[in-house]
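K.L.:
Pasted the sequence and its predicted model underneath.
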Amino acid sequence: MQEYGANELKDRFILIGLVQGQKTVDEYVRDFKKYDTEDDWTYNFSEDELREYVAQDAIPFNRSMTEYLTKYGFTIYDTSAERESVFDKIIEDISNS
């Protein structure tokens, strides 16, 4: 973020980070199966492949991104549950800023 001038961006833009920090492996897999389309690179993964990807990559990456986004002043929104309500909250927060 330093290369993009995050401090300057904060003065000119609303910085929003979407994370899924409260999801379990089972919840991630369920959502991949529910929401993936043929355009998604995980679409043809088996359940075992999805589980491995989530446990080894998605969850650790989400944790590190949450720390990174927080460090650089992003407003963090967790979309682990009630995703549509979270999106409504983001719109409300932007409208009120």
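P.N.:
Sure, I can see it. Numbering: from 1, shown residues only.

K.L.:
going forward, measure contacts and count neighbours with C-alpha atoms only.
P.N.:
Fine.

K.L.:
For the strand or helix carrying Pro60, buried residues please.
P.N.:
Assessed by DSSP states H and E, Pro60 sits inside helix 59-71. Buried residues in helix 59-71, defined by neighbour count with 16 or more other C-alpha atoms under 10 Å: Ile59, Asn62, Met65, Thr66, Leu69.

K.L.:
from the residues you listed, which is closest to Ile91?
P.N.:
Leu69 (19.1 Å; C-alpha to C-alpha).

K.L.:
How about His23: what's its closest non-neighbour residue?
P.N.:
Check again: residue 23 is Lys, not His. Nearest-residue entry for Lys23: Ser80, 5.6 Å, with adjacent residues in sequence omitted and distances by C-alpha to C-alpha, 6 or more residues apart in numbering.

K.L.:
Kindly confirm my reading that that neighbour is in a strand.
P.N.:
No. Read with DSSP: H, G, I helix; E, B strand; the rest coil, Ser80 is coil and lies in no strand.

K.L.:
my guess is it contacts Leu18, does it?
P.N.:
No. Counting by C-alpha atoms under 8 Å, Leu18 is not a contact partner of Ser80; they are 9.5 Å apart.

K.L.:
before we move on, back to that, so what's the residue count around the residue nearest to Lys23?
P.N.:
Ser80 has 17 neighbouring residues, counting by other C-alpha atoms under 10 Å.

K.L.:
try the one 4 residues further on
P.N.:
Here the count is done by other C-alpha under 10 Å, and Glu84 has 10 residues near it.

K.L.:
if I look at Glu92, how far off is Lys71?
P.N.:
24 Å (C-alpha to C-alpha, to the nearest Å).

K.L.:
next structured bit after the one helix or strand in the chain whose mean pLDDT sits lowest?
P.N.:
Lowest by mean pLDDT, DSSP states H and E among the helices and strands of the chain is helix 6-12, with a mean of 69. Where DSSP H and E defines the elements, the next helix or strand beyond helix 6-12 is strand 16-19.

K.L.:
Could the C-alpha coordinates of that following strand be exported in CSV?
P.N.:
Extracted C-alpha coordinates of strand 16-19, given in CSV (Å, rounded to 0.1, in the frame of the first residue of the first chain):
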residue,chain,number,x,y,z
ILE,A,16,-13.2,-0.2,2.3
GLY,A,17,-11.9,-3.7,3.0
LEU,A,18,-14.3,-6.7,2.7
VAL,A,19,-13.2,-9.7,4.8
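
K.L.:
Lovely, talk soon.
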